[in-house]
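K.L.:
turn this into a model:
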Amino acid sequence: MKAKGWITTALVAGGVVFAVKTTGGCLNQPAPDQRLAGQFEDLCDIARKGAEKPVAGVKSLGRYMVKHGGDIAKNLVDTVALIERIRDDEAHDERARVARDRMLEAACPADWQAFDEAINDSPEAIELLNKAGERLSRTLEIILGPGAKLRDLPQILMHRLGEQR
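P.N.:
Numbers count the residues shown, from 1 in each chain. Below you'll find the predicted structure:
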């Protein structure tokens, strides 16, 4: 093979490696708002089933959130970041509308309403939610400090990072 052929082969191979690295190994990876909509659909399924069996539904919701809560947060933040990288304002706004529509399409307010009503009719389900809420509050208080709220996290992190210097 001539030098020109080797250079072309190297450039193509480099482009393939770059594409694989920048797309997480998959060229057809769904957008973060598509992944988030899928997670909303999973949660809707839990809510539908939970309307029939609220205690099992609360437990299922807890397990799902423990397992996927970070992914949900990541997909939401990644959706915003994806949109904010779009320089053209019109294209930016259109992409934001697409993300909104995808998420709204996956929403199921009637299922959540039915689940909420079933929970309110079940003292055992209410007790499970109360215990989970108290535990989460303790966790956040230990991590963020007494009386701190999740909204305080950026300020707390900046303060603590400043202390480390």
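
K.L.:
tell me where this protein has helices.
P.N.:
3-22, 32-52, 54-84, 89-106, 109-120, 123-144, 153-163 (DSSP state H).

K.L.:
tell me what angle the third one forms with helix 109-120.
P.N.:
Going back to what we said before, that points to helix 54-84. 140 degrees (axes from the mean of the first three to the mean of the last three Cα atoms, to 10 degrees).

K.L.:
now the residue nearest to Ala118 when sequence neighbours are not counted: how far from Glu117?
P.N.:
Counting by Cβ to Cβ, 6 or more residues apart in numbering, Ala118 lies nearest to Pro54, which is 4.0 Å off, once chain neighbours are set aside. Bear in mind the C-beta positions are built from the backbone N, C-alpha and C, glycine included. Shown here: Pro54 relative to Glu117, a distance of 9 Å by Cβ to Cβ, to the nearest Å.

K.L.:
the more surrounded of these two?
P.N.:
Pro54 (24 against 12; other Cβ atoms under 10 Å).

K.L.:
hang on, the more buried one packs against Ala114?
P.N.:
No - in this structure Pro54 lies outside contact range of Ala114 using Cβ atoms under 8 Å: 9.9 Å.

K.L.:
flag the shaky bits of the protein, pLDDT-wise.
P.N.:
In the predicted model of the chain, residues 1-27, 164-165 satisfy pLDDT under 70.

K.L.:
nearest residue to the residue most central in space within it in space, please, no chain neighbours.
P.N.:
Closest to where the C-alpha atoms of the chain average out (Cα atoms, centre = their mean) is Ile72, at 1.5 Å. Spatial nearest neighbour of Ile72, chain neighbours left out: Gln39 (5.3 Å); criterion: Cβ to Cβ, 6+ apart.

K.L.:
and the residue nearest to the centre of the chain, what does it touch?
P.N.:
Leu36, Gln39, Met65 (Cβ atoms under 8 Å, 6 or more residues apart in numbering).

K.L.:
let's see if you can find the most crowded of those residues.
P.N.:
That'd be Leu36 among the contacts of Ile72, by other Cβ under 10 Å, with 23 neighbours.
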